[in-house]
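Engineer: Sequence plus the predicted model coming up.
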Amino acid sequence: MENNKRINKYISDSGFCSRREADGFIDAGQVLVNNTIATSGTKVTEGDKVVVNGREIVDYIEKIYIALNKPSGITCTTDKKDSTNIVDFVGFRERIFPIGRIDKDSEGLIFLTNDGDIVNQILRAGNNHEKEYIVTVDHQITEQFLRKMATGVRIHQTTTLPCKIQRIKGASFKITLTQGLNQQIRLMCEALGYNVVNLKRTRIMNIDLKGIETGSWRHLTKSELENIKKAVESSSKTEEASKLQGRNSTAKNQHKSNASVRFTKMQKKLAGEYKKKKSPIRNKMKSKKK
């Protein structure tokens with residue numbers, strides 16, 4: 001154990017609950033360290049007795065890493081209120097959570113673990129970890145489509161990073177990304193006049209779907225874990241990732257708060273000149289909310 005570990009990280013690392021949930025217990029005064037009520041700044045050292053909501057927490061827990069071939073219709077959430085949540089689908093005996101996500105309508109490879117540190121390293125911005133997908137769209141693809149997808153498409157008020165893309169046949173292609181924008185592939189295709197019919201993630205870093213049938217999972221091997229940990233050894237620091245994400249958030253906020261932009265759009269709307277672009281994906285999401 002580390003010489004000094006923040007109380008919320010200690011609880012989270014034990015597998016008892018997430019760090020955010022641990023913060024909730026701490027704020028509610030339900031965490032005791034050596035019979036003293038803990039605060040958010042409390043540090044835990046080896047030998048300390050930690051009790052959360054009446055239950056003693058043990059620092060050590062076996063680390064779990066599994067690879068799931070997620071079927072369509074399963075949601076990458078730990079929310080038990082969602083009957084399609086991925087945790088209940090896997091049914092693992094210990095508390096685990098997904099690393100990243102795949103859209104509910106998509107399928108393919110996703111990792112689940114109880115190791116919060118490796119989650120941060122794999123997902124952290126700027127690490128360029130490859131994810132490979134097989135995609136089928138609603139009509140035959142062209143060389144122009146492949147070229148635009150490879151060089152970058154404007155979505156989410158940004159341009160996607162260059163990526164590897166290869167035609168398979170007809171309306172299908174393979175694409176390898178190092179980004180993880182929300183619904184990235186679907187929105188990229190939509191921006192170029194195509195709708196995704198089927199999307200399957202076939203590889204994350206050095207792990208692929210070989211030997212894992214749809215709906216099944218397996219533990220990662222020791223050599224696979226060693227390769228992953230080696231790949232994330234030089235992972236950008238949390239501070240660097242936060243700065244990058246902060247710059248992106250600031251840019252979005254500046255755009256949203258730009259009064260002149262809002263005023264110009266309102267003028268056009270009132271004049272009947274401004275039409276919001278229709279998005280099948282966003283419309284679908286709105287209809288589900290209703």
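Structural biologist: On my side now, so go ahead. Residues are numbered from 1 along each chain as shown.

Engineer: So which residue is smack in the middle of the chain?
Structural biologist: Gly100 (2.4 Å; C-alpha atoms, centre = their mean).

Engineer: for it, what are its contacts?
Structural biologist: Going by C-beta atoms under 8 Å, 6 or more residues apart in numbering, Gly100 touches 76, 110-111, 122-123, 180. (Glycine included, C-beta is placed from N, CA and C.)

Engineer: mind listing which of these are in strands?
Structural biologist: Members of these lying in strands (criterion: DSSP state E): 110-111.

Engineer: just to revisit the earlier point, roughly how far apart are the residue nearest to the centre of the chain and Glu190?
Structural biologist: 21 Å (C-beta to C-beta, to the nearest Å).

Engineer: Check Ala67 too.
Structural biologist: 29 Å.

Engineer: where does this protein have low pLDDT?
Structural biologist: 1-3, 59-61, 124-127, 234-290 (pLDDT under 70).

Engineer: Go through it and flag its longest strand.
Structural biologist: strand 196-204.

Engineer: That strand: what's the following helix or strand?
Structural biologist: Note on strand 196-204: by DSSP states H and E, the next helix or strand toward the C-terminus is strand 207-208.

Engineer: who does that following strand touch, helix- and strand-wise?
Structural biologist: strand 107-113 (3 or more C-beta pairs under 8 Å, 6 or more residues apart in numbering; DSSP states H and E).

Engineer: The nearest residue to Thr159 once chain neighbours are set aside: neighbour count?
Structural biologist: The shortest distance from Thr159 to any residue other than its chain neighbours is 4.4 Å, reached at Gly152 (C-beta to C-beta, 6 or more residues apart in numbering). Neighbour count of Gly152, defined by other C-beta atoms under 10 Å: 14.

Engineer: How much space separates Gly152 from Thr160?
Structural biologist: In terms of C-beta to C-beta, Gly152 sits 5 Å off from Thr160.

Engineer: With Asn114 instead?
Structural biologist: Asn114 is 32 Å from Thr160, by C-beta to C-beta.

Engineer: just Thr45 next, same as before
Structural biologist: 45 Å.

Engineer: The two - which one has more neighbours?
Structural biologist: Thr160 (21 against 12).

Engineer: Please tell me I have it right and that one contacts Met188.
Structural biologist: Yes. Judged on C-beta atoms under 8 Å, Thr160 makes contact with Met188 at a distance of 6.2 Å.

Engineer: Noted, bye for now.
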